[in-house]
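Visitor: give the three-dimensional model of this entry:
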Amino acid sequence: MIRQAAPRWLGVLLAAAAGVLAWRVAALAILHGQGVAREQSLVLATLLALVGIVFVACGLLVYRRRPGPARTPRRTIQGGRRLPLGPMLFLVPQLLLPPGPASATAPQAALDYGLVLPSDICRGLVIVPVALGDGPMTTVELILDTGSSWTFLDPRALAGLWGGSAPSGKVTFDDARIGGFELPPLRAYLHPMKRLSLALGRRIDGILGFPAFRAVLLTLDYPAREVRVSAGRLPPPDGREVFRDVGSRRPHLRIEVGGRRVKAVLDSGASGGFLLKPRDRLAWSVAPRPAITTALFAGFAVDEAGRLDGGLRLGPLRFEDPVVQLVPRERTIGWRVLRHFAVTFDQRTKRVRLRPATPGPIRMAPLVGPGYGVSPHPEGLEIVTVFLGTSAAAAGLRTGDLVVAIDGTAVDERGCGDPESLQIGRPQILSYLREGAPVEVEISTEILVP
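Guide: Residues are numbered from 1 along each chain as shown. Reported below is the predicted structural model:
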């Protein structure tokens with residue numbers, strides 16, 4: 001059996017492709033290297049580019065000088081097919097061009113040293129303005145939610161991009177940015193956000209899911225009230241500051257609860273603290289009692305909360321006798337705990353870095369509230385529970401009452417506040433509707449879990 005020799009132009013293409021691959025790998029090392037490693041990567045990349053160019057030049061020279069009586073025209077091979085110089089001419093310039101950063105990009109120099117994104121903190125949740133559209137752009141206010149695998153947008157906020165008509169279903173934006181940082185293509189489900197806006201007391205246009213930052217380091221620096229993105233990788237887990245992310249599309253760490261190590265999601269979209277399960281065999285210094293109403297994506301939940309007898313550790317920081325919320329949902333670590341850290345997420349290597357603002361230990365403050373729980377309603381906030389022994393119960397509030405204003409401000413305009421800033425005994429004027437009739441009453445905030 002006679003094996004036909006491979007055409008020589010194929011070797012030229014393979015050599016050029018090898019040069020492109022080597023150059024791009026080295027250039028990625030440049031983008032993510034630092035100091036001496038970065039300089040070494042630059043030298044390596046330059047040498048590889050030169051080698052690739054030499055391979056191409058030698059291949060062309062050999063091709064042009066090959067012997068044989070049946071020499072074919074310069075740009076053809078046997079069989080009459082033209083030598084595909086077009087792809088080769090495309091590959092050669094690629095050798096000289098480093099690949100762009102792993103995300104669709106903010107300026108690389110800014111990413112190298114950390115780019116601070118515009119942001120706000122509303123009731124413990126991080127809000128970022130996202131500009132959408134490849135022509136006329138619209139800016140939406142989204143909750144940066146590390147506990148969400150998906151991005152959601154309110155269709156009403158996008159009506160301006162579609163000539164006044166609200167879209168439906170699912171949309172993709174190839175051009176989406178937060179300040180100077182350009183996000184990768186943003187795929188979003190459309191869902192009304194009126195309930196969420198009422199719960200927070202300000203306009204919210206959606207939720208920005210964790211995978212939107214999959215190509216960069218994302219840092220939520222709660223003590224500095226900053227959101228930063230940067231290039232690079234986190235170092236390997238050391239058990240002190242850097243830990244392995246044991247989740248899939250969302251960040252999870254293991255914590256020790258009741259003598260067992262369990263997974264909990266680090267959720268920047270949760271304003272609570274430690275949210276654990278009733279079956280976690282916890283010892284209490286203050287027994288759990290109904291104390292927290294949580295507005296869910298659809299509906300609400302009334303949860304019990306108490307104070308542990310003993311400590312919980314998250315990364316390098318120990319929390320002494322923390323307030324814990326019991327939930328039938330997944331275990332979660334929310335803002336009341338995360339606010340003590342600068343948290344960096346590296347989705348590519350599945351690592352998380354926790355840098356505490358203080359060495360600890362931390363003693364969590366008592367849980368303070370107005371004594372009733374609400375759920376968003378099209379016309380205000382509907383009271384869904386009244387906690388026994390509170391001033392709200394003494395004032396005669398009942399489930400079904402519809403709160404329309406607090407201290408004279410409409411509930412959808414009351415703005416953001418720090419949940420930890422509630423003062424014990426602070427009076428509050430509540431305006432509500434009972435069976436359509438307006439009622440006004442004064443209550444006070446008080447300790448729900450000491």
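
Visitor: any weak-confidence spans in the stretch 51-200 of the chain?
Guide: 51-113, 135, 162-167 (pLDDT under 70).

Visitor: how about stretch 214-234: buried residues?
Guide: 214-222, 227-232, 234 (16 or more other C-beta atoms under 10 Å). In short, each C-beta sits where N, CA and C put it, glycine included.

Visitor: got it, and stretch 159-178?
Guide: For stretch 159-178, by 16+ other C-beta under 10 Å, it's 161, 171, 173, 176-178.

Visitor: so which of these comes closest to residue 127?
Guide: Using C-beta to C-beta, residue 178 comes nearest to residue 127 of these, at 10.9 Å.

Visitor: so who does the closest one touch?
Guide: 117-118, 128-131 (C-beta atoms under 8 Å, 6 or more residues apart in numbering).

Visitor: what do you get for residue 266?
Guide: Taking C-beta under 8 Å, 6+ apart, one finds 146-147, 251-253, 333, 338, 343, 345, 352 in contact with residue 266.

Visitor: apply 6 Å and report the result again.
Guide: 146, 251, 333 (C-beta atoms under 6 Å, 6 or more residues apart in numbering).

Visitor: what do you get for residue 261?
Guide: Contacts of residue 261 (C-beta under 6 Å, 6+ apart): residue 254.

Visitor: list the strands paired with the strand or helix carrying it, with their directions.
Guide: Using DSSP states H and E, residue 261 maps to strand 260-266. Counting by DSSP bridges, the strands paired with strand 260-266 are strand 252-257 (antiparallel), strand 332-333 (parallel).

Visitor: and these, which is most packed in?
Guide: strand 332-333 (a mean of 24; mean count of other C-beta atoms under 10 Å).

Visitor: quick check: mean pLDDT of that one?
Guide: Strand 332-333 shows a mean pLDDT of 97.

Visitor: which other residues reach it?
Guide: 264-267, 270, 275.

Visitor: sec struct for residue 212, please.
Guide: helix (DSSP: H, G, I helix; E, B strand; the rest coil).

Visitor: my read is that it contacts residue 183, right?
Guide: Yes - with contacts counted by C-beta atoms under 6 Å, residue 212 reaches residue 183, the gap being 5.4 Å.

Visitor: okay, and the nearest residue to residue 295 once chain neighbours are set aside sits in which element?
Guide: Leaving aside its chain neighbours, residue 295 sits nearest to residue 199 (4.2 Å; criterion: C-beta to C-beta, 6 or more residues apart in numbering). Element membership for residue 199 (DSSP H and E) is helix 194-200.

Visitor: for that helix, packing partners?
Guide: Helices and strands touching helix 194-200, by 3 or more C-beta pairs under 6 Å, 6 or more residues apart in numbering; DSSP states H and E, are strand 372-377.

Visitor: try 8 Å
Guide: When contacts are defined as 3 or more C-beta pairs under 8 Å, 6 or more residues apart in numbering; DSSP states H and E, helix 194-200 sits against strand 284-295, strand 372-377, strand 380-386.
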